[in-house]
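Novice: A structural model of the following input is requested.
(2 chains)
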Amino acid sequence: MEVVFKEFPWVAVLILLPLLGGIVCFLFSGIAKFTGLMTVFFTALSVLGLGWQIFDNGVYRHAVGGWGAPLGIDLYADGLSLLMLAATAFVALGVSVYSAGYFERGYSTRFWPIWLFLLGALNALFLTADIFNLYVTLELMGLAAVALAGLAGGKNALTGAMRYLLATLLGSLVYLLGVALLYHGFGTVDITLLAQRAEASPVIWAAFGLIAAGLMLKTALFPLHFWLPPAHGSAPPPVSALLSALVVKASFYILLRLWLEIFGPLVSNTDVSTLFGLLGAAAILWGSVQALRQTRLKLMIAYSTVAQIGYLFLAFPLATAAGVAAWSAAMYLAFSHALAKAAMFLAAGNMLRFGGHDRISDLDRVVQRLPLAAAAFALAGMSIMGLPPSGGFIGKWLMLEVAIKQGRWEIVIVMILGGLLAAAYIFKVLGHTFTQAPSPHESKAVPASMEWSALLLAIAAVLLGFLAIPVLSLLNIGNPFGISEVTP
Amino acid sequence: MNWNTWLPVLVVISSMLPGLIIFGLAEHRVRLRTILNLFGAVVKLFLVGWMLWGVYHGQHFETRLMLLPGLELVLRAGPLSLMFITLSSILWLVTTIYAIAYLEDSPNRSRFFGFFSLCVTATIGVALAGNLITFLLFYELLTLATYPLVVHRGTEEARRAGQSYLRYTIFGGALLLIGTVWLYSLTGTLEFAPQGGFLSEIGAEHHTSLIIIFALLIAGFGVKAALFPLHGWLPKAMVAPAPVSALLHAVAVVKAGAFGIVRVVYDVFGVEFATDLGVTGPLAWLAAFTIIYGSLRALFQDDLKRRLAYSTISQVSYIALGVAIAGPIAAIGGIIHLVHQGLMKITLFFCAGNLAETLGIHKISEMNGVGKRMPWTMAAFTIGAFGMIGAPPIAGFVSKWYLGTGALEVGQGWVLIVLAGSSLLNAAYFLPILHRAWFRDPPNNWPHEHDFGRKETAWPLLFPPIVTAVLALAAGILASAPFSPLEWGQIVAQREFYKP
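Specialist: Purely as a prediction, here's the structure:
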């Protein structure tokens, strides 16, 4: 039994099961909801299986069909992949339970197949070991995400989705050009082989420029974030949750992987990491200020995502001297943000459904009438602000520690300012939910499953504040951040 | 199972669990909610008593949990922690009884009592914290748990007061976070070290950093302790219901800030090292200024609760002053004032709440002759007020006596002038109230009178201020009895502050 578990190709299940489930949902729309929920549940279990596997055996490498690199497709899983897969699994569970209550019959049959494709693409992306397959999964993910964003129909949603489509296509295209350059230059697309063969040269610089630009656009790093707020703000809430929590992180993951394995050591020019850091800082400040200025709840949360993406990029300048610490901090932030932001969008969705609007200043008496949604929003907000105890706090603490040790006070100040601004926009919402003004609108009941899925995700984000030791030790399986480590 | 490692956690849980259950209770389940509240408070009191006895006999109570590589969540019951949690758990019980009566038939009580319990939980965590990160964790939790109480009334004014409270406390929390991380990056430890702190080993090249860190930490705690110029939120927060004011001023928030200052000076920096760095002098001046400033502002308030709020700003700085004078006797004066001020101030707020609830009196100018209508309430108020002024034999006198002699002992005579000035000002803003209440004729009609039959007010409202007033009196008269705040303060000073 134990051998079966240890040798079982969980990675294949993680990719194939959602795709299969998606096809079943598409063909038999009557059982779409049930199939979808089951698929997501078993996919999440498979992440657990994979986690056990690599916890016991270390890094997992699987050559599909027995053809290894450079010919075949390699799948690869280490601590970093596992963390992203785990974040995906948690968010997927929460959002799926929520969606089962949210989508009416008509939408349901369209939502489930696309969502399961997206899940399969995400899992495949986190498990891929070559840059061309990364492109394929990136493109699949982008298209599925656009389709979901436009699901609601209506002028706003379609305009947002259209912009999103253009941005995501442009991003993938530019990325693909970079891949082509690398393949032309070094004759392989396998990341490990590329890392061995590649050397600092104009080709590397050009390829890096293209790949980085494409991925920055897809990650919505300031100033390439223009497409994100309308797309995330106008999509149905569970979709916004998926986009903000997972989809933008996926392209960041690719950028991080390629930086760690290929580009980082070669273009180890501090200008590049400084630029990333500067853009990250600008994203934090700009995104937070914009979030504070919004009058609609969902747009506010979307701008908050722009800001939170910035923290991940702050790790680049810090990582030159302390790779493991800085990247661990960034990934902890990414994990916490995935949970917290999903919870926040879902809670906002509940308020929206209940009151029929998401104008922040008219959110009176939400706490009394939707206590669970308000609690979910508040707990998720704790993590976003970085207040203890929460996953966001641990991430910020780790990153602040690195920054202070290196004397990077400008980064410390930006992080603290970002936290203060986050507190300002989150409590702006919470303040209005406590007020007692009479509510003129009719309210629409919210199913318990929608309330609890938001709340449980938020609680998970808070509990992450106590799980730093196991999560960090899992993250470092296979030493994903080891390469850029410079011993002082 | 070893009780000594579990007791600190149980003390925290004894208010957290009832709180979480209460959140889930329907609004009309008054009896179950009341039972849960009182059960939690009594269990906590019992557990605290157990620890008090144990610590007195030299036992150790400590719980540890790994939080981050190299950093642990530590809950430890030392003499100083126990001083604070004993105060908090006694006053919590009393305040709970008061709040149940005060909020009778008002909306959203489940929410209120849920957060009320969380607030006390966070305070107990602050008191038991064995290192700076645990302190920080509960300190921020306290901010978050208090906010819903401040905005409880749900009016626009309450919302604004809440936003103001958060602006100050979140900003303070951010400063605290920077200071803590910075300290950790210098030392690699955050464990509170009694008798000398953990910083004296640090090389002289870091002394400038340490001075800045001290300023950051004190500013972070100063927000909640309402040190000038970080006090602005406290008077605004007076829109909250009276039990919340009592909680803010006597049991939890303000005290947590003052307690943080004590921790920083004695257990992080060590008082001798802090004196060598030259940081205690400015702190003493700032505290002295706040004492006078708060009293002066109190003088000009007509709103009773606002006057009491400014009085708190002044009185809590006695604690910071006692700590910053940096002598053993003054330190005792400072930490026993933590208890004494709590007892006296909570009495005053209970009385103010009774006046508002029974007669609709909010302003001092409406208090003419109120002593004849509500003699018991005003008797308690009088004890509290005289204690604040520092009249013997009430508790406040003992604090001032120790502060004064302590200051003389280390040759800082100027403190006496501050103490005398403060007493004078206290008299100037409390005596007119007493004069009005006892010696003027009552008006024909009170602003908004409730009828409680032959009693002056509902007895659950009357009983708490009388109990706390008696305690304040007892703390003064029986100052040298075992387990009195003074005796315990001396144990604290012997075991935690100064090397024998």
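Novice: Which secondary structure element of chain A has the lowest mean pLDDT?
Specialist: helix A:2-7 (a mean of 66; mean pLDDT, DSSP states H and E).
Novice: Now the element after that one, going C-ward?
Specialist: helix A:10-27 (DSSP states H and E).
Novice: Downstream of that following helix, the next helix or strand is which one?
Specialist: That would be, after helix A:10-27 and using DSSP H and E, helix A:32-57.
Novice: helix or strand right after that next one?
Specialist: Where DSSP H and E defines the elements, the next helix or strand beyond helix A:32-57 is strand A:60-63.
Novice: what's in contact with that following strand?
Specialist: A:9, A:11-12, A:50, A:53-54, A:69, A:72-78, A:129 (C-beta atoms under 8 Å, 6 or more residues apart in numbering or on different chains). For the C-beta atoms, the positions are set from N, CA and C on the backbone; glycine is no exception.
Novice: ok, now with 6 Å
Specialist: A:Val11, A:Ile54, A:Gly72, A:Asp74, A:Leu75, A:Tyr76, A:Ala77 (C-beta atoms under 6 Å, 6 or more residues apart in numbering or on different chains).
Novice: hang on, the fifth one is in a helix, isn't it?
Specialist: No. According to DSSP: H, G, I helix; E, B strand; the rest coil, the state of A:Leu75 is strand, so it is not within a helix.
Novice: Is it correct that it is in contact with A:Val11?
Specialist: Yes. Using C-beta atoms under 6 Å, A:Leu75 makes contact with A:Val11 at a distance of 4.7 Å.
Novice: rewinding a little: kindly reformat the contacts of strand A:60-63 as TSV containing distance to A:Gly106, neighbour count and pLDDT.
Specialist: Putting the contacts of strand A:60-63 into TSV (distance: C-beta to C-beta, whole Å; neighbours: other C-beta atoms under 10 Å in any protein chain shown; pLDDT from 0 to 100) gives the following:
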residue	distance to A:Gly106	neighbour count	pLDDT
A:Val11	35	26	86
A:Ile54	41	21	86
A:Gly72	42	13	64
A:Asp74	41	22	81
A:Leu75	37	22	85
A:Tyr76	40	21	87
A:Ala77	38	24	88
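Novice: and which of those residues is nearest B:Gly489?
Specialist: Checking the contacts of strand A:60-63 against B:Gly489 with C-beta to C-beta, the nearest one is A:Ile54 at 56.2 Å.
Novice: How about that closest one: what's its closest non-neighbour residue?
Specialist: A:Tyr60 (5.1 Å; C-beta to C-beta, 6 or more residues apart in numbering or on different chains).
Novice: Can you give the domain ranges for chain A?
Specialist: Using automatic domain parsing, the domain parsing of chain A gives A:1-267, A:292-488.
Novice: and among these, the most buried is which?
Specialist: Of all these, domain A:292-488 has the most neighbours on average by mean count of other C-beta atoms under 10 Å in any protein chain shown, namely a mean of 22.
Novice: Please name the nearest non-neighbouring residue to the residue of chain A found nearest chain B.
Specialist: Going by C-beta to the nearest C-beta, chain B is nearest to A:Gln436 of chain A, at 3.5 Å. Nearest residue to A:Gln436 in three dimensions, chain neighbours excluded: B:Gly154, at 3.5 Å (C-beta to C-beta, 6+ apart).
Novice: re the thing from before, any shared contact partners between A:Leu75 and A:Val11?
Specialist: Between them, A:Leu75 and A:Val11 share the contacting residues A:His62, A:Leu127, judged by C-beta under 6 Å, 6+ apart.
Novice: Give the bridge partners for the residue nearest to A:Ile54, please.
Specialist: A:Ala77 (DSSP bridges).
Novice: What's the separation between it and A:Ala12?
Specialist: 11 Å (C-beta to C-beta, to the nearest Å).
Novice: likewise A:Ser453?
Specialist: 28 Å.
Novice: Write out the residues of chain B neighbouring chain A.
Specialist: For chain B, the contact set with chain A under C-beta under 6 Å from any C-beta of the partner chain comprises B:66, B:68, B:137, B:140, B:151, B:154, B:159, B:162-163, B:166, B:170, B:174, B:181-182, B:185.
Novice: Please, where are all the helices along the stretch 1-150 of chain B?
Specialist: B:3-23, B:30-56, B:79-102, B:109-128, B:132-150 (DSSP state H, counting those that start in this stretch).
Novice: Reformat the ones you listed into a markdown table and put mean neighbour count next to each item.
Specialist: Putting the helices of the stretch 1-150 of chain B into a markdown table (neighbours: other C-beta atoms under 10 Å in any protein chain shown) gives the following:
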| stretch | mean neighbour count |
| --- | --- |
| helix B:3-23 | 20 |
| helix B:30-56 | 17 |
| helix B:79-102 | 24 |
| helix B:109-128 | 26 |
| helix B:132-150 | 25 |
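Novice: Go through those and name the closest to B:Phe259.
Specialist: helix B:79-102 (5.6 Å).
Novice: what mean pLDDT does that closest one have?
Specialist: When pLDDT is averaged over helix B:79-102, the result is 89.
Novice: export it as PDB, just CAs?
Specialist: C-alpha atoms of helix B:79-102 as PDB (Å, rounded to 0.1, in the frame of the first residue of the first chain):
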ATOM      1  CA  PRO B  79       5.300  38.400  39.300                       C
ATOM      2  CA  LEU B  80       4.900  41.400  37.000                       C
ATOM      3  CA  SER B  81       2.600  39.500  34.600                       C
ATOM      4  CA  LEU B  82       0.500  38.400  37.500                       C
ATOM      5  CA  MET B  83       0.100  41.900  38.800                       C
ATOM      6  CA  PHE B  84      -1.500  42.900  35.500                       C
ATOM      7  CA  ILE B  85      -3.600  39.800  35.000                       C
ATOM      8  CA  THR B  86      -4.900  39.800  38.500                       C
ATOM      9  CA  LEU B  87      -6.100  43.300  38.000                       C
ATOM     10  CA  SER B  88      -7.600  42.500  34.600                       C
ATOM     11  CA  SER B  89      -9.400  39.400  35.600                       C
ATOM     12  CA  ILE B  90     -10.900  40.900  38.800                       C
ATOM     13  CA  LEU B  91     -12.000  44.000  36.900                       C
ATOM     14  CA  TRP B  92     -13.200  41.900  34.000                       C
ATOM     15  CA  LEU B  93     -15.600  40.000  36.200                       C
ATOM     16  CA  VAL B  94     -16.900  43.200  37.700                       C
ATOM     17  CA  THR B  95     -17.200  44.900  34.300                       C
ATOM     18  CA  THR B  96     -19.000  42.000  32.900                       C
ATOM     19  CA  ILE B  97     -21.600  42.100  35.600                       C
ATOM     20  CA  TYR B  98     -21.900  45.900  35.000                       C
ATOM     21  CA  ALA B  99     -22.100  45.500  31.200                       C
ATOM     22  CA  ILE B 100     -24.800  42.900  31.300                       C
ATOM     23  CA  ALA B 101     -27.000  45.300  33.300                       C
ATOM     24  CA  TYR B 102     -25.900  48.400  31.300                       C
END
